[in-house]
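Enquirer: Sharing a sequence plus its predicted fold:
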Amino acid sequence: MKAQGSSADESMDNLITSTDPEHPANHICTLCRNFYALGWVTGTGGGVSIRDGPHIFIAPSGVQKELMQPANMFVMDYATRAYLRKPPILKPSACTPLFLAAFDRGAGSCIHTHSQWAVLVTLLVEKDAVSQGREVSDACFEIEQIEQIKGIPKGRGKDGMLGFFDRLTVPIIENTAHEEDLTQSLEAAMERYPETYAVLVRRHGLYVWGANVQKAKTQAESLDYIFRLAVEMRRLDLPWIQ
Ligand SMILES: CSC[C@@H](O)[C@@H](O)C(=O)COP(=O)(O)O
Ligand SMILES: [Zn+2]
């Protein structure tokens, strides 16, 4: 993707210019390249946002996320929600209000994946709810006694990680025609499940967040591992709950 964002926003290019690979503008590009290889951000879907003190770094909407350059990044002032830097032509990610919902709850980064494992898990939970006559909209993904559960924190406001014998619960919300319309139900799930750091979107993907980008990333990895395992377990007729 061609780097844009010089002329009109040149004065704010200092916000996205750094030789530090961990600078959010550089880091988002590297993460999205890696996430593309995992099938998390294919076909322009998915993304990642990072909060750095007063600033939120946001990718553009509808672009090939694996080809983004730091100059393509939007920078928002978190306190006022005003854009300090807007690359020309591009629009900010439609996921922005969902990322902000995570930042409003103390997150330092939020990742959105379109992983097929996440989507398949929501389809299996939907199938279970329908076959058992339960409300699909109330269903959660639940699993226990899998070592990788220990890669998921106990919950917001709690120290430490889940244990091997703890049950991992990930709420699932309904998909909507437009990404931004998910905001209300994502926030409702965050309130209903105050301990969760992740919400699945039925037939769509996953939102996962953490205190910083490293925590958001390792949780995304742990969850994707667990979702993939869960799909394979179902194929082998193995139960998720002991
Ligand atoms: C394949 S289009 C997917 C989008 O509608 C949306 O679900 C998404 O995840 C990315 O939105 P975007 O505005 O491009 O950042
Ligand atoms: Zn999406």
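Expert: The structure has been received and is ready for your questions. Residues are numbered from 1 along each chain as shown. Ligands and ions are numbered 1, 2, ... in the order given.

Enquirer: can we go C-alpha only for contacts and neighbour counts from here?
Expert: Noted.

Enquirer: how close does V199 sit to P24?
Expert: 23 Å (Cα to Cα, to the nearest Å).

Enquirer: Now that Y78 has come up, it's in contact with I56, right?
Expert: Yes: the pair Y78 / I56 is scored as a contact, 6.1 Å apart, by Cα atoms under 8 Å.

Enquirer: Which of those two has more residues huddled nearby?
Expert: Neighbours per residue (other Cα atoms under 10 Å) separate Y78 from I56, with I56 holding more: 27 against 19.

Enquirer: Am I right that that one is in a helix?
Expert: No: using DSSP: H, G, I helix; E, B strand; the rest coil, the secondary structure at I56 is strand, not a helix.

Enquirer: Would you mind checking the average pLDDT for the top helix by length along the chain?
Expert: Looking across the chain with DSSP state H, the single longest helix is helix 213-235. Averaging pLDDT along helix 213-235 gives 98.

Enquirer: Which elements pack onto it?
Expert: Helices and strands touching helix 213-235, by 3 or more Cα pairs under 8 Å, 6 or more residues apart in numbering; DSSP states H and E, are strand 109-113, helix 116-131, strand 205-210.

Enquirer: So for ligand 1, which of the ones you listed sits nearest?
Expert: Ligand 1 sits nearest to strand 109-113 of all these, at 6.6 Å, using Cα to the nearest ligand atom.

Enquirer: Quick one: distance of the closest one to the chain centre.
Expert: In terms of Cα atoms, centre = their mean, to the nearest Å, the gap separating the centre of strand 109-113 from the centre of its chain is 2 Å.

Enquirer: Also stretch 219-237?
Expert: Offset of stretch 219-237 from its chain centre (Cα atoms, centre = their mean): 17 Å.

Enquirer: Look at the residue lying closest to G62 once chain neighbours are set aside and say how many residues are nearby.
Expert: Once flanking residues are discounted, G62 sits nearest to T44: 5.4 Å by Cα to Cα, 6 or more residues apart in numbering. T44: 17 surrounding residues under other Cα under 10 Å.

Enquirer: Throw the helices and strands packed on helix 213-235 into TSV and include distance to ligand 1, thanks.
Expert: Formatted as TSV, those follow (distance: least, Cα to the nearest ligand atom, whole Å):
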stretch	distance to ligand 1
strand 109-113	7
helix 116-131	12
strand 205-210	8
